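Visitor: Pasting a predicted model and its sequence here:
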Amino acid sequence: MNNSACSIRHSDLTFTRSLNQAAENTTVENGKLALRSGPRCDNFRDPDGKLSNDSAPILLTEIDNRQPFTLTARVTPTFKDMYDAGTLFVYANEDLWFKFAMEMDERRKTRMVTVRTIGTSDDNDHDVITERSVLMKISSDTRTIGFYYSLDGRDWQLIRLFKNDYPAALWLGLSAQSPLGNGNTVLFEEISLTPKSITNFRLGL
């Protein structure tokens, strides 16, 4: 996995680490951050050990995981092929990470997907989304991490909740993927990272 320093700013947030040429494939214009994945790019470690693909570009910003945080973004992928997706990332190292995706499934339905990787990846398909874009949120109070989505910015749907057992030095980020396709551009808008958590982990508020 290619790893380099960068400085890409959107609103009040600066991404300082680029994996797999993410910086070279990012543009920021008119409040929109566009990140492009090349062909056959993904981050996934199949549980059976037959597939390991660590090639999707990821833009990262460092946080202190001993403090609360909430990362939100409006995500709009350009869906063409199966498993094309736009994702938010929690990243410790190449063997320990979590991605939260808006992804096209095997039936060409768009749905929320989570993948937790600890050496190998699990893979969870969640709700079907009919809109072109969705607001996505990851929040931690240092003990618990919650993953949520919203269609209107008011009502948030819980997708996944688990113990925050990640290290103190942690990275949050954005990614685009196209595991079986010829590339996918994802627009990220309304990106926000705040040093506080939600107060209701069931409702995402």
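Guide: Thanks, I have the structure now.

Visitor: what's the spacing between Leu151 and Leu193?
Guide: Separation of Leu151 from Leu193 (Cβ to Cβ, to the nearest Å): 22 Å. The way it works is simple: take the backbone N, C-alpha and C, and place the C-beta from them, glycine included.

Visitor: between these two, which one's more packed in?
Guide: Neighbours per residue (other Cβ atoms under 10 Å) separate Leu151 from Leu193, with Leu193 holding more: 17 against 14.

Visitor: Is the more buried one in a helix, a strand, or coil?
Guide: State at Leu193, reduced to three classes by DSSP: H, G, I helix; E, B strand; the rest coil: strand.

Visitor: give the contact list for it.
Guide: Leu193 is in contact with 12-13, 61, 63, 69-71, 172, counting by Cβ atoms under 8 Å, 6 or more residues apart in numbering.

Visitor: cool, and Phe69?
Guide: 63, 139-140, 172, 193-197.

Visitor: any idea of the pLDDT on the spatially most central residue of the chain?
Guide: Nearest to the geometric centre of the chain sits Leu88, at 1.3 Å (Cα atoms, centre = their mean). Note on Leu88: pLDDT of 98.

Visitor: how much space between Leu88 and Thr144?
Guide: In terms of Cβ to Cβ, Leu88 sits 17 Å off from Thr144.

Visitor: If the residue nearest to the centre of the chain is in a bridge, with which residues?
Guide: Bridge pairing for Leu88 (DSSP bridges) gives the partners Phe100, Leu174.

Visitor: Hmm, it is touching Gly173, no?
Guide: Yes: under the criterion of Cβ atoms under 8 Å, Leu88 makes contact with Gly173 at 7.3 Å.

Visitor: So what does Leu203 have for phi and psi?
Guide: phi -90, psi -10 (degrees, to the nearest 10).

Visitor: Can you report phi and psi for the closest residue in space to it that isn't next to it in sequence?
Guide: Among residues not flanking Leu203 along the chain, Trp156 sits closest, at 6.5 Å (Cβ to Cβ, 6 or more residues apart in numbering). Dihedral angles of Trp156 (phi, psi; degrees, to the nearest 10) stand at phi -110, psi 140.

Visitor: One more: Ala23?
Guide: Backbone geometry at Ala23, expressed as degrees, to the nearest 10, gives phi -60, psi -40.

Visitor: Check which helix or strand the closest residue to it other than its chain neighbours maps to.
Guide: Of all residues beyond its chain neighbours, the one nearest Ala23 is Cys6 (3.8 Å), with distances taken as Cβ to Cβ, 6+ apart. Here Cys6 sits within strand 3-10, counting by DSSP states H and E.

Visitor: strands paired with that strand, and their directions?
Guide: Sheet partners by DSSP bridges: for strand 3-10, these are strand 13-19 (antiparallel).

Visitor: Quick check: buried residues in the partner strand?
Guide: Across strand 13-19, burial judged by 16 or more other Cβ atoms under 10 Å covers 13, 15, 17-19.

Visitor: In terms of secondary structure, what does the helix or strand harbouring Tyr149 contact?
Guide: For Tyr149, the host element (DSSP H and E) is strand 144-150. Contacts defined by 3 or more Cβ pairs under 8 Å, 6 or more residues apart in numbering; DSSP states H and E place strand 144-150 against strand 96-104, strand 134-140, strand 157-163.
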